[in-house]
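Engineer: give me a model of this one.
(one chain, ligands or ions: 2)
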Amino acid sequence: MKTLKIAIQKSGRLNEKSVEILKNCGLSFENYKSSLIASVANFPLEILFLRDDDIPEYVQDGIADLGIVGENVIIEAGADVSYLQPLGFGKCTLKIAVQNNSNITELSQLNGKAIATSYPIILQKYLSENNVDAQIRNISGSVEIGPGLGLSDAIFDIVSTGGTLKNNGLKPFKNVMDSQAVLICSKGMEQNAEVLELMQRIQSVLRAKA
Ligand code: PRT
Ligand code: ZN
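Structural biologist: Ligands and ions are numbered 1, 2, ... in the order given. As a prediction, this is how the structure comes out:
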């Protein structure tokens, strides 16, 4: 029997819940903090601990058979993978936000404006669909400070509580995409017996929680 690999976030917002859901499936593994790979004692599975940005590609290329990652990261990566199950954590919304005193009320007012983001692909698709021609400034983090520094007229970022926007004098303008953590697998692995077994266990953990 082939040992499957599942890729989960090494550290960050999705790590704890990803580990928890696998443990709740009855999988026995340990020492994941000090090692980048952990063997499951009671299931033919290895767990790879990665940066979340790398997970879609690992699964697309079949280096990992399964993965747990935010939908936003999968779409931004343009990865060709199969969605098995939304997991109900890591929920957030990707929003365009503007300064509190901004007079922007219509999408068309973003024409010719600069928008700072770490999600240029998702943003470009949304702007194109809405016939908006704006300049996208690709920044790897802390995009919320862009408007205050005069770097951009708007930002496009992940929002959960809205506290970060507020603290930086910004207000939500348009909701572009809702996201949550999802279980994915490589194309062609959907009917694999162990993939199905693991998916069923995850689904019963989720049902027990509901
Ligand atoms: O190190 P690695 O690359 O693995 O992690 P990372 O730093 O890239 O990602 P991480 O751990 O911050 O987030 C992982 C995933 O969690 C994201 O891809 C989303 O799918 C999901 N998620 C859910 C969030 C948030 N909520 C969230 N609030 N990701 C980021 N944020 C940030 C956001 O960027 C903004 O700066 O939190 C801030 C806003 O939060 P609020 O509550 O103030 O609105
Ligand atoms: Zn990341």
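Engineer: for this structure, which strand is longest?
Structural biologist: strand 170-179 (DSSP state E).
Engineer: direction included, what does it pair up with?
Structural biologist: strand 92-99 (antiparallel) (DSSP bridges).
Engineer: just the mean pLDDT for the partner strand, thanks.
Structural biologist: Averaging pLDDT along strand 92-99 yields 98.
Engineer: in contact with Ile158, which residues?
Structural biologist: Each residue near Ile158 by C-beta atoms under 8 Å, 6 or more residues apart in numbering is listed here: Asn72, Cys92, Thr93, Leu94, Tyr119, Ser179. Every C-beta, even on glycine, is put in place using the N, C-alpha and C of the backbone.
Engineer: contacting ligand 1 as well, which ones from these?
Structural biologist: By C-beta under 6 Å from any ligand atom, the members of these lying near ligand 1 are Asn72, Cys92, Ser179.
Engineer: for the longest strand of the chain, buried residues please.
Structural biologist: Leu170, Phe173, Lys174, Val176, Met177, Ser179 (16 or more other C-beta atoms under 10 Å).
Engineer: between the ones next to ligand 1 among the contacts of Ile158, which is closest to ligand 1?
Structural biologist: Nearest to ligand 1 among the ones next to ligand 1 among the contacts of Ile158: Cys92, at 3.5 Å, using C-beta to the nearest ligand atom.
Engineer: what residues are bridge-paired with that closest one?
Structural biologist: Ser179.
Engineer: distance of it relative to Phe173?
Structural biologist: Distance of Cys92 to Phe173, computed by C-beta to C-beta, to the nearest Å: 16 Å.
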